[in-house]
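> Prediction below, plus the sequence it came from.
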Amino acid sequence: MMLYNISLISMLALVVVPALLFSLLILIKGLLNFSRTGPGIKSEILKHYRVYSIYALLRLFLFVLIINVFLSAIGFFIYLSVIILFKSNYSPIVFTVISFLSIGYFSFVQFCKNLLFVPSNIILSSQYSMSNFYTLWQWLSPKKIILMQWVPEIIIAFLILLAGNTLLQDKSFNLFFVPLLLIFIVAIIPYVSLEFISKLFSFMTNNVNNKQPNIIMIGSDTLRKDRVGRIRNTQSITPNIDKLVKKSISFENCFVPIARTAPSLLSFFSGLLPWRHKIRDNFSEPTDCQLDVLPMAKILNNNRYTTAVISDWCGTDLAKFNLGFQWQDLPEDQWNLRYFIRQGPKDIRLFLSLFLQNHFGRLFLPEIFYLGGVPKGKHLIQRSKSWITQLSRQKQPFFLNIFFGTTHPPFGSEYPYYFKYADPNYWGESKFSMARLTEPEEIIRSQKEPKEAFDLDQIIDLYDGTVTNFDDQVADILASIKE
């Protein structure tokens with residue numbers, strides 16, 4: 001039977017069925033090996049969220065299915081092209097096998113990309129022991145990732161073009177090829193448009209001369225003062241910040257009022273100590289906050305400034321409390337039970353996180369995109385540049401606060417920073433990010449044991465890598481400002 005004599009609905013079914021089977025396998029695996037992010041939740045509490053948990057699971061399953069449909073469609077086009085070129089008959093068994101191989105291969109490529117470039121995404125999404133993947137990690141390289149991704153895609157594109165050329169000479173072209181071409185165009189154009197618009201805006205900056213200066217504040221959570229300018233391997237780990245300090249005013253005696261993000265941010269933007277604004281930890285409700293003075297952003301608003309704030313998963317407290325920013329590009333509060341439930345079981349969470357570290361994931365599944373601890377430096381820089389471009393085109397001056405979680409525990413930075421200072425012969429559980437000392441109980445126990453028991457040397461090396469990562473992020477933003 002020739003495949004292009006089948007109806008369009010039948011063709012869609014051919015694509016969806018393998019995708020559905022693969023998605024069900026992921027769902028079953030996730031439920032059998034269930035694990036949730038965040039702190040432990042008592043069963044009595046979870047009972048009150050049964051309906052919401054089912055809704056959250058079905059929602060995640062839908063996105064898993066959508067991704068697998070796209071991957072299965074690649075296998076469909078491969079098999080379709082082969083049938084057209086070699087004038088062979090359609091076999092449902094062969095098609096199912098090719099669709100499964102297509103889903104499996106491109107999922108594996110995404111896994112390899114994350115393992116090499118952002119291993120913390122796999123660690124924090126799945127909670128699997130990373131020692132299982134050390135052999136694969138050793139084999140990987142940026143060049144191999146490029147080959148794994150682009151060689152098959154070029155071959156597939158070539159096959160489709162050859163098959164399309166064959167169909168152009170066939171009278172059934174209009175009945176068969178055009179609907180498929182429309183499906184392909186509808187699927188690809190949004191991504192092309194987003195890239196085109198993003199690049200277009202980068203060249204449309206209209207520098208307006210303001211009498212008042214623009215203010216851009218760049219910060220990173222858990223950045224230690226003694227790490228700025230620290231020498232390793234005869235070189236400073238923060239060369240770009242060092243250059244900035246030399247031509248700037250440097251405040252040497254700044255101290256946080258309390259070692260917690262939320263109260264420190266409130267104190268920074270209000271000038272009030274925690275005993276005044278009443279926030280002493282990260283788990284307070286917005287109603288607990290008592291600001292009897294105008295925060296910095298509101299003062300600037302009153303002076304005709306446009307104020308905006310942008311951050312990754314680490315900056316949720318900036319949205320939680322009313323600090324007066326007119327524009328907020330922030331994730332929602334992460335210390336939220338519904339938020340943890342929406343992240344789903346680890347196998348589903350892992351699969352989605354491999355594909356949704358992009359604008360689509362940020363818009364439709366922010367609880368997966370903004371998973372706590374996963375570095376988002378490249379995304380945050382891209383968004384920051386976009387904000388700087390947009391704000392620079394306005395007539396009024398602006399204040400933009402950019403807050404990174406780059407140096408925040410568990411210190412899992414992006415490639416190549418996570419191994420920049422680390423011992424290449426270290427093969428413990430903290431190779432990519434801090435595996436222990438993440439809970440108060442562990443920290444208390446560690447005080448009775450030697451530092452070797454907790455791989456502290458490796459953790460310090462990881463931390464220094466995050467500091468250099470942040471230093472390069474600062475340089476990237478400063479370069480975009482000069483442009």
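Yep, it's here.
> C-terminal to the helix or strand bottoming out on mean pLDDT in the chain, what's the next element?
Per-element confidence for the chain was summarised using mean pLDDT, DSSP states H and E. The lowest value among helices and strands belongs to helix 173-202, with a mean of 51. From helix 173-202 onward toward the C-terminus, using DSSP states H and E, the following helix or strand is strand 215-220.
> Could you tell me how far whichever strand or helix holds Val17 lies from the centre of the chain?
Using DSSP H and E, Val17 sits within helix 8-32. Taking C-alpha atoms, centre = their mean, to the nearest Å, the mean C-alpha location of helix 8-32 is offset from the chain mean by 25 Å.
> Next, the buried residues of it.
Along helix 8-32, the positions that meet the burial threshold by neighbour count (16 or more other C-beta atoms under 10 Å) are 11, 14-16, 18-20, 22-23, 26-27, 30. Every residue, glycine included, has its C-beta placed from N, CA and C.
> Reformat the residues you listed as JSON lines; add pLDDT.
Shown next, in JSON lines, are the buried residues of helix 8-32 (pLDDT from 0 to 100):
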{"residue": "Met11", "pLDDT": "69"}
{"residue": "Leu14", "pLDDT": "81"}
{"residue": "Val15", "pLDDT": "88"}
{"residue": "Val16", "pLDDT": "92"}
{"residue": "Pro18", "pLDDT": "93"}
{"residue": "Ala19", "pLDDT": "95"}
{"residue": "Leu20", "pLDDT": "96"}
{"residue": "Phe22", "pLDDT": "96"}
{"residue": "Ser23", "pLDDT": "97"}
{"residue": "Ile26", "pLDDT": "96"}
{"residue": "Leu27", "pLDDT": "96"}
{"residue": "Gly30", "pLDDT": "92"}
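> Would you format those as CSV with distance to Arg50 included?
Compiled in CSV, the buried residues of helix 8-32 are given as follows (distance: C-beta to C-beta, whole Å):
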residue, distance to Arg50
Met11, 39
Leu14, 36
Val15, 33
Val16, 29
Pro18, 31
Ala19, 28
Leu20, 25
Phe22, 27
Ser23, 22
Ile26, 22
Leu27, 17
Gly30, 17
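> I figured Ser384 hits Val474, correct?
No. The pair formed by Ser384 and Val474 falls short of the contact definition of C-beta atoms under 8 Å, at 10.8 Å.
> So which of those two has more stuff around it?
Set side by side, Ser384 and Val474 show unequal neighbour counts under other C-beta atoms under 10 Å, the larger going to Ser384 at 24 against 20.
> dump the residue contacts of Arg280.
258, 260, 263, 274 (C-beta atoms under 8 Å, 6 or more residues apart in numbering).
> cutoff 6 Å now
For Arg280, the set of contacting residues under the criterion of C-beta atoms under 6 Å, 6 or more residues apart in numbering consists of 263, 274.
> Name the SS class of it, please.
What DSSP: H, G, I helix; E, B strand; the rest coil gives for Arg280 is coil.
> where does this protein have low pLDDT?
Counting by pLDDT under 70, the chain has low-confidence residues at 1-9, 11, 38-40, 170-210, 436-453.
> Pull the distance from the helix or strand where Ile154 lies to the chain's centre.
In this structure, Ile154 sits in helix 142-168 according to DSSP H and E. From the chain centre to the centre of helix 142-168 is a distance of 27 Å (C-alpha atoms, centre = their mean).
> What of stretch 119-128?
For stretch 119-128, the gap between its own C-alpha mean and the chain's C-alpha mean amounts to 12 Å (C-alpha atoms, centre = their mean).
> And stretch 357-376, by the same measure?
Taking the mean C-alpha point of stretch 357-376 and that of its whole chain, the gap between them comes to 4 Å (C-alpha atoms, centre = their mean).
> Span of it from start to end?
Using C-alpha to C-alpha, to the nearest Å, the end-to-end distance of stretch 357-376 comes out at 9 Å.
> Just the buried positions in that stretch, please.
In stretch 357-376, residues buried by neighbour count (16+ other C-beta under 10 Å) are 357, 359-362, 365-376.
> contacting residues around that stretch?
Under the criterion C-beta under 6 Å, 6+ apart, residues 120-121, 124, 312-313, 331, 334, 339, 342-343, 352-353, 356, 410, 413-414 lie in contact with stretch 357-376.
> Looking at those, which are in strands?
Among the contacts of stretch 357-376, no residue falls in strands (DSSP state E).
> Please identify which two of those are farthest apart in space.
Across these, the two members that end up farthest from each other (C-beta to C-beta) are Arg342 and Ser413, 26.3 Å apart.
> neighbour-wise, which of the two wins?
For Arg342 versus Ser413, the count of surrounding residues by other C-beta under 10 Å is larger for Ser413: 27 against 20.
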